[in-house]
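Peer 1: give me coordinates for this.
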Amino acid sequence: MKKLILSTTALALTAGLAMAETVRMGTEGAYPPYNFINDAGEVDGFERELGDELCTRAELTCEWVTNEWDSIIPNLVSGNYDTIIAGMSITAERDEVIDFTQNYTQPDPSGYLALMGADVDVKGGILAAQTGTIQAAHIAASGATLVEFATPEETIAAVRSGEADAVLADDAYLRPFAAENDDLTMLAETELLGGGVGMGVRESDGELKAKFDAAIQSMKDDGTLNALLAKWEIGPGF
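Peer 2: As a prediction, this is how the structure comes out:
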């Protein structure tokens, strides 16, 4: 899914968890259905349900912390929270800075959202994406013109304003906008990017990683992860 463009200064940050009694779960809170803030002001969505269940199975006490996407890895590394559970795809570039658990989603197609009736050239047009995502990296390498925005909502607004021909993001994020708005539509083209989504942890926190790996595997084995993916309409199951 998303891919941060990391600075060399961020790469140098280090911190240790030391297996604190409370594990702080870092998320963005702005990317439904993976994670969002509900009307009660609480973190909600697929990853909230998943994270709470993983913490129960791992016998950990967890609390939720929100952080803007563009600094979510540096703030993990510097110790502001202990995991990232924020729709983050496992990539080789990120794996140089942090460790990942095994994936809890399969690679999910990214789709293009455009204005109804628009003639969009996804190879040479002007395409919007959230800053630091694998979708932004794909556009930049494709020959199309990339316009980046700090939040996913701003990418939709750019399509409506005519600043971008289409937005590229996770299909599970974009499709509800097309279903609920007569002026927007999903294009036929899709892109399969990334290696599935996993939890990010600091490289020094091998014990914590192992606990979450075992919990994810147990959810795969008993079918509860597939049920949760189906509930939130996120990609294929395992």
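
Peer 1: just how off-centre is the longest helix seen in the chain within its chain?
Peer 2: Secondary structure of the chain per DSSP state H: the longest helix is helix 206-222. Remark: helix 206-222 is offset 19 Å from the chain centroid, using Cα atoms, centre = their mean, to the nearest Å.

Peer 1: likewise stretch 216-235?
Peer 2: The answer for stretch 216-235 is 17 Å, by Cα atoms, centre = their mean.

Peer 1: just the CA trace of it, in CSV.
Peer 2: Taking C-alpha atoms only, stretch 216-235 is exported to CSV below (Å, rounded to 0.1, in the frame of the first residue of the first chain):
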residue,chain,number,x,y,z
ILE,A,216,-1.3,-12.8,13.3
GLN,A,217,-0.5,-16.4,12.4
SER,A,218,-3.1,-17.7,14.9
MET,A,219,-5.7,-15.4,13.3
LYS,A,220,-4.8,-16.8,9.9
ASP,A,221,-5.0,-20.3,11.2
ASP,A,222,-8.4,-20.1,12.8
GLY,A,223,-10.1,-18.0,10.0
THR,A,224,-10.7,-14.9,12.1
LEU,A,225,-8.4,-12.7,10.0
ASN,A,226,-10.3,-13.7,6.8
ALA,A,227,-13.6,-12.9,8.5
LEU,A,228,-12.3,-9.5,9.5
LEU,A,229,-11.0,-8.7,6.0
ALA,A,230,-14.3,-9.7,4.6
LYS,A,231,-16.2,-7.5,7.1
TRP,A,232,-14.2,-4.4,6.1
GLU,A,233,-14.1,-5.4,2.3
ILE,A,234,-10.4,-5.4,2.1
GLY,A,235,-8.8,-7.5,-0.6
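
Peer 1: now it: mean pLDDT?
Peer 2: Taken as a whole, stretch 216-235 carries a mean pLDDT of 97.

Peer 1: what's it in contact with?
Peer 2: 33-34, 45-46, 49-50, 53-54, 57, 101-102, 104-109, 172, 199, 236-238 (Cβ atoms under 8 Å, 6 or more residues apart in numbering). Placement of C-beta: from N, CA and C, glycine included.

Peer 1: now intersect those with the strands, please.
Peer 2: Counting by DSSP state E, the part of these found in strands is P109.

Peer 1: now whatever helix or strand comes next after the longest helix of the chain: buried residues?
Peer 2: Using DSSP states H and E, the helix or strand that follows helix 206-222 towards the C-terminus is helix 224-231. Using 16 or more other Cβ atoms under 10 Å as the burial criterion, the residues of helix 224-231 that qualify are 225, 228-229.

Peer 1: mind naming the longest strand for the protein?
Peer 2: The chain, longest strand under DSSP E: strand 184-192.

Peer 1: output the contacting helices and strands for that one.
Peer 2: Packing contacts for strand 184-192, counted by 3 or more Cβ pairs under 8 Å, 6 or more residues apart in numbering; DSSP states H and E, involve strand 109-115, helix 152-161, helix 171-180.

Peer 1: show residues contacting that strand.
Peer 2: Taking Cβ under 8 Å, 6+ apart as the rule, strand 184-192 contacts 107, 109-117, 120, 122, 135, 138, 156, 159-160, 166, 168, 171, 174-175, 177-178.

Peer 1: list buried residues within those.
Peer 2: Buried, going by 16+ other Cβ under 10 Å: 107, 110-115, 120, 122, 135, 138, 156, 159, 166, 168, 171, 174-175, 177-178, out of these.

Peer 1: separation between the residue nearest the centre of the chain and W69?
Peer 2: Geometric centre of the chain, nearest residue: G87, 2.2 Å, by Cα atoms, centre = their mean. Applying Cβ to Cβ, to the nearest Å, the value for G87 to W69 is 9 Å.

Peer 1: all set now, cheers.
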